[in-house]
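> Can you look at this prediction? I've put the sequence above it.
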Amino acid sequence: MEFEDLDFSSVTPPRIRAAILDQGCAVLRRAIPQETICRYKAALLEIYELYDRATAGDQSACDLFQPYIHDGQFVDIGKYGNVSPQLFDALSRGQTFLDLFADHKLQEVIQSIVGRYQTYLNTFVRVAEKRPGFDTGDKTSDGIQLHTDGVIQGDRHFALTVWIAFDRCGQDAPGLTIIADNHKGTRKYVGFKGGERRSQVGEWDYERYSKDAFAAERVSAYYRERMWRPILEPGDAVLFTNWTLHATHRTSAMRLPRIAAITRFEGNTFNPKTSILDWLRPFRSRRYSGRR
Ligand SMILES: O=C(O)CCC(=O)C(=O)O
């Protein structure tokens, strides 16, 4: 399968929307200006530095974190480089996490897919290969195995994830593996049984999917031609839905860490409930007509 990425400055929102509804994902080149990426990254690295000072016992650094963070989140920064939007907004001197998405065109794309939305799980995540003798520093996650965001955050509403590269990745630093298939194809592949999840949102819930649907060998056998591992530059964005299979793409040859900003936009007006329960039916929303 040929993968086509899209140049954000020239592509139209309907074209991006069509790509996401047809193949579950879109790679948008230069979606966020370099200047913004540099400014946000500098603010983020300052927060990491502050974190190092706080964990080394610097009381003034601890006091800065204190109002915005509970213990678990503090641990998450150390373990995964995971900085919540509340913390970022508080310590980043006037920039807000969601301003990353202020661009009118990006807003139009997001809304054309999920309607009115709420955001959740917005975070910066730093991933690197952890190997003995290779110092990536702290604050790096090991990455995540194949999943759909629906497995973790739920599938009651359609949701769009916007994953923004802050570093060059996919070759020398961990990138993303995305399976280019749409929500209907993926639901068929994973054998989605429908119904309500019994576990809480945030827990991995495999109960309503066929056994081993997410096993790497099975996914790669079924989707051999559709595994997309783009090389991404800072400011490139990958958009995918809560039905798109994806994982961290890491190889032992990758020497560099990378940061990504990840946000989920969950539609609260666009609820494809009937389609979820019956993926063979055409996928329609009340607000938008056109092919789904
Ligand atoms: O950033 C990554 O490497 C993976 C992120 C991911 O899979 C997720 O946030 O659901």
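Yep, it's here. Numbers count the residues shown, from 1 in each chain.

> going forward, measure contacts and count neighbours with C-alpha atoms only.
OK.

> Can you give me the neighbour number for the closest residue to P85 other than its chain neighbours?
Once flanking residues are discounted, P85 sits nearest to F97: 5.5 Å by Cα to Cα, 6 or more residues apart in numbering. When counting by other Cα atoms under 10 Å, one arrives at 22 neighbours for F97.

> and if you look at R255?
18.

> thinking it is in contact with C169, fair?
No - when contacts are counted by Cα atoms under 8 Å, R255 is not listed as touching C169 (10.4 Å).

> beta partners for the residue in the stretch 101-250 of the chain that the ligand sits nearest to?
Nearest to the ligand in the stretch 101-250 of the chain, going by Cα to the nearest ligand atom, is T248, at a distance of 3.6 Å. Beta-bridge pairing for T248 (DSSP bridges): L176.

> What about it, how many residues nearby?
20.

> who touches both of R255 and C169?
When contacts are counted by Cα atoms under 8 Å, 6 or more residues apart in numbering, R255 and C169 have no shared neighbour.

> circling back: shouldn't the residue of the stretch 101-250 of the chain closest to the ligand be in contact with P174?
Yes - T248 is within contact range of P174, at 6.7 Å (criterion: Cα under 8 Å).

> Just the element for A221, please.
Using DSSP states H and E, A221 sits within helix 216-222.

> Output the contacting helices and strands for the helix or strand just after that helix.
Using DSSP H and E, the next helix or strand after helix 216-222 towards the C-terminus is strand 227-228. Other helices and strands packing on strand 227-228, by 3 or more Cα pairs under 8 Å, 6 or more residues apart in numbering; DSSP states H and E, are strand 175-179.

> Only the C-alpha atoms, please, for the next helix or strand after the strand it packs on, written as CSV.
Heading C-terminal from strand 175-179, the first helix or strand you meet, by DSSP H and E, is helix 183-190. What follows is helix 183-190, C-alpha atoms only, in CSV (Å, rounded to 0.1, in the frame of the first residue of the first chain):
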residue,chain,number,x,y,z
HIS,A,183,-12.8,2.3,12.1
LYS,A,184,-15.0,-0.3,10.3
GLY,A,185,-12.0,-2.4,9.1
THR,A,186,-10.4,-2.3,12.5
ARG,A,187,-13.6,-3.3,14.3
LYS,A,188,-13.9,-6.2,12.0
TYR,A,189,-10.3,-7.3,12.5
VAL,A,190,-10.3,-7.0,16.3
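
> list the buried ones in the helix ranked longest in the chain?
The longest helix of the chain (DSSP state H) is helix 34-55. Within helix 34-55, the residues that count as buried by 16 or more other Cα atoms under 10 Å are I37, Y40, K41, A43, L44, I47, Y48, L50, Y51, D52, A54.

> again, but for stretch 244-256
Buried-residue list, stretch 244-256, by 16+ other Cα under 10 Å: T244, L245, H246, A247, T248, H249, R250, M254, R255, L256.

> right, and the last one touches A173 too?
The reference is to L256. Yes - between L256 and A173 there is a contact under Cα under 8 Å: 4.6 Å.

> picking up where we left off before, outside of the helix holding A221, which residues touch it?
Outside helix 216-222, the residues that reach it (Cα under 8 Å, 6+ apart) are L146, D212, A213, M227.

> Return the residues of the stretch 151-292 of the chain in contact with the ligand.
Listed as neighbours of the ligand in the stretch 151-292 of the chain under the rule Cα under 6 Å from any ligand atom: L176, H246, A247, T248.

> Show the contacting residues for D205.
For D205, the contact set (Cα under 8 Å, 6+ apart) comprises V151, I152, R197, R198, S199.

> Give me the pLDDT for the first one.
Think V151. We have a pLDDT of 88 for V151.

> now swap in the last one and tell me
In this model, S199 is scored at 74, pLDDT.

> which element is E266 on?
Assessed by DSSP H and E, E266 sits inside strand 258-267.

> Remind me what that strand packs against, helices and strands.
helix 104-114, strand 117-127, strand 159-165.

> and those, which one's lowest on average pLDDT?
What stands lowest among the helices and strands packed on strand 258-267, in mean pLDDT terms, is strand 117-127, with a mean of 70.

> Restricting to C-alpha, output that one in PDB.
Only the C-alpha atoms of strand 117-127 are listed here, as PDB (Å, rounded to 0.1, in the frame of the first residue of the first chain):
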ATOM      1  CA  TYR A 117     -15.400  17.900  21.800                       C
ATOM      2  CA  GLN A 118     -13.700  17.600  25.100                       C
ATOM      3  CA  THR A 119     -10.000  16.900  25.400                       C
ATOM      4  CA  TYR A 120      -8.500  14.400  27.600                       C
ATOM      5  CA  LEU A 121      -5.200  12.800  28.300                       C
ATOM      6  CA  ASN A 122      -3.300  15.600  26.900                       C
ATOM      7  CA  THR A 123       0.300  15.100  27.700                       C
ATOM      8  CA  PHE A 124       3.900  15.400  26.600                       C
ATOM      9  CA  VAL A 125       5.600  12.000  26.500                       C
ATOM     10  CA  ARG A 126       9.300  11.300  26.100                       C
ATOM     11  CA  VAL A 127      10.200   7.900  24.700                       C
END
